[in-house]
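1. Coordinates for the following, if possible.
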Amino acid sequence: METQGYHYGVIARAIAELDAAGGERVALEDLAARLGMSPAHFQRLFTQWAGVSPKRYQQYLALGHARQLLSDRFTVLDAAHEAGLSGAGRLHDLFVRWEAMTPGEYARGGEGLVIFWGWFDSPFGPAIVMGTERGLCGMGFAAEMGATAAYDDLARRWPKAQFIEAADRLRGWVEAAFGASGSEPAPLYLIGAPFQIKVWEALLSVPTGHVTTYSEIARRIGRPAAMRAVGTAVGRNPISWLIPCHRALAKSGKLGGYHWGLPVKRAMLAWESARADVA
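-> So this is what the prediction gives:
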C-alpha cells in the first residue's frame, strides 16, 4: 500500500530535482524518469497527494511561490484581538482557554506531567506526535533531521516530564490533525513561555492557504520591533502544522527558516495552495 509518507518522499525528491533545474520547467516525462517511475505512475502519485497535476504542482514548488503567496494571499492579522493580552490575568485565561499550562507550571519544566508519544505517517513524512490527557502538545517531522533527532528535539523541551510510548492514545487526534473526515478538531495543550504563546496564537489566525510575515506577527502582538524574537518563537513552536508556523514568511518573500527543514515547509505551503485553488 502506498502511504502518505511514501508520497511525501516522492515530493521531496521532486523538489530537489526542480531546484537543480534552476527555475527551468521540467517536463513530466523527464521528472518521472529522474525519479525512476513511469510518467503515468508519477502523475497518479502527484495527483493523489497534491490534488492537482504535476505540471500545475510545479508552480507551487517553484522557488518564487512564496513571493506570489505574499502578493495574493497575505493575511493582515487583527490587532484588536490582542487587546489586554499583556495582563497576567488575561494570560492565565489564554492558557486555560487552550487547555494549556499556566506560566508557573511551564517554568517547572513539565515536572509531574505524563506525555504520551508515538510515530505516525503524515503527508509530510514520518511525524513524531506527543500529547497529554488534555490534548496534543508536540508534533515534529523527521524527513530532514531523522527520527532520533526529531524525538529528542521535542522531548528535551519538557525535561522533567515522564514520556510513555502510546501511539494508540493519540491516534484519533492525529487523524483529526491531518483532516480525516468526520473527525473532531484535535485539542491542543500548549506548553510554552508567555511570549511564545502570544506568537503562536497569532499564527493560529492565519487561514489555510494564506501566509503572513514575521513583522506582521510582531505588530499583531504589540511588539513591532521584536521581529527577531518573534522568529525565534515561531521556530520553537512545538505543534507544527496545527500551529501553522510554515505560513510565516520573511517580508522579502523568502521562506525564512523552518525548524523541521525548508523542503518540508515548501511542501506544506504547496500542498495547502493546491487544495485552496481546487476548492
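
2. Please point out which parts of stretch 8-23 sit buried.
-> For stretch 8-23, burial by neighbour count (16 or more other Cβ atoms under 10 Å) applies to 8-12, 14-15, 18. All C-beta spots, glycine's among them, are computed from the backbone N, C-alpha and C.

3. Actually, stretch 164-177.
-> 170, 173-174, 176-177.

4. Now do it: everything it contacts.
-> Counting by Cβ atoms under 8 Å, 6 or more residues apart in numbering, stretch 164-177 makes contact with 114-120, 127, 129-131, 135-136, 139, 183-187, 241-242, all of which sit outside it.

5. May I have it as PDB, with CA atoms only?
-> Output in PDB follows, covering the C-alpha atoms of stretch 164-177 (Å, rounded to 0.1, in the frame of the first residue of the first chain):
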ATOM      1  CA  ILE A 164       5.400   6.900  27.600                       C
ATOM      2  CA  GLU A 165       5.200   5.400  24.100                       C
ATOM      3  CA  ALA A 166       1.500   5.000  23.500                       C
ATOM      4  CA  ALA A 167       0.600   5.800  19.900                       C
ATOM      5  CA  ASP A 168      -3.000   4.400  20.200                       C
ATOM      6  CA  ARG A 169      -3.800   7.000  22.800                       C
ATOM      7  CA  LEU A 170      -3.000   9.800  20.300                       C
ATOM      8  CA  ARG A 171      -4.300   8.200  17.000                       C
ATOM      9  CA  GLY A 172      -7.700   9.800  16.900                       C
ATOM     10  CA  TRP A 173      -6.200  13.300  17.500                       C
ATOM     11  CA  VAL A 174      -3.600  12.700  14.900                       C
ATOM     12  CA  GLU A 175      -6.100  11.600  12.300                       C
ATOM     13  CA  ALA A 176      -8.100  14.800  13.000                       C
ATOM     14  CA  ALA A 177      -4.900  16.800  12.700                       C
END
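
6. so how far is it from its chain's centroid?
-> Mean C-alpha position of stretch 164-177 versus that of the full chain (Cα atoms, centre = their mean, to the nearest Å) differs by 17 Å.

7. for stretch 163-179, same thing?
-> 16 Å.

8. avg pLDDT for that stretch?
-> Across stretch 163-179, pLDDT averages out at 92.

9. for stretch 57-72, same thing?
-> According to the model, stretch 57-72 has a mean pLDDT of 72.

10. What number of residues are in the vicinity of the residue nearest to residue 221 when sequence neighbours are not counted?
-> Nearest-residue entry for residue 221: residue 198, 4.5 Å, with adjacent residues in sequence omitted and distances by Cβ to Cβ, 6 or more residues apart in numbering. Other residues near residue 198 come to 22 when the count uses other Cβ atoms under 10 Å.

11. So which bits of stretch 204-212 are buried?
-> 205-206, 209-212.

12. Then stretch 34-42?
-> Buried-residue list, stretch 34-42, by 16+ other Cβ under 10 Å: 34-35, 42.

13. I'd like the residues you listed laid out as TSV, including pLDDT and secondary structure.
-> As requested, these are exported to TSV (pLDDT from 0 to 100; DSSP: H, G, I helix; E, B strand; the rest coil):
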residue	pLDDT	secondary structure
34	90	helix
35	89	coil
42	89	helix
